[in-house]
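Trainee: Sequence first, then the predicted structure:
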Amino acid sequence: MFKPVERNTIDLKKKEVGESYVGTYAGNKKIQTTLGEQVIWNFTDGEDKPFSVWGFTNLNFQMENVGV
């Protein structure tokens, strides 16, 4: 039996100011959307569960030289 894949991609622009996420950087993925190329930044939390964050200008700038 197949189970639906759970997507944990967070849109920070839709979250409350001051809300934070802690994780270990695990790389990024570039995807094509109707808006053009977008970046998804991948992390793992303290329990080794994956989560991702949609990129945006400032986050992309800050993350571009961070190593995995």
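Mentor: Great, that's in hand.
Trainee: From what I see, Gly55 and Glu37 are in contact.
Mentor: No - the criterion here is C-beta atoms under 8 Å, and Gly55 misses it with Glu37 at 9.8 Å. Backbone N, C-alpha and C define where each C-beta goes, glycine included.
Trainee: who has more neighbours, those two?
Mentor: Of the pair Gly55 and Glu37, Gly55 is the one with more neighbours under other C-beta atoms under 10 Å, namely 21 against 9.
Trainee: OK, contacts around that one?
Mentor: Asn28, Gln38, Val39, Ile40, Trp41, Met63 (C-beta atoms under 8 Å, 6 or more residues apart in numbering).
Trainee: Which one of the residues you listed sits in the busiest neighbourhood?
Mentor: Ranking the contacts of Gly55 using other C-beta under 10 Å puts Trp41 first, with 22 neighbours.
Trainee: Bridged to it, which residues?
Mentor: Asn28, Val53 (DSSP bridges).
Trainee: so where do the strands sit in this protein?
Mentor: 9-10, 24-33, 36-44, 50-54 (DSSP state E).
Trainee: tell me which strands and helices the second one is in contact with?
Mentor: On a contact count with 3 or more C-beta pairs under 8 Å, 6 or more residues apart in numbering; DSSP states H and E, strand 24-33 meets strand 36-44.
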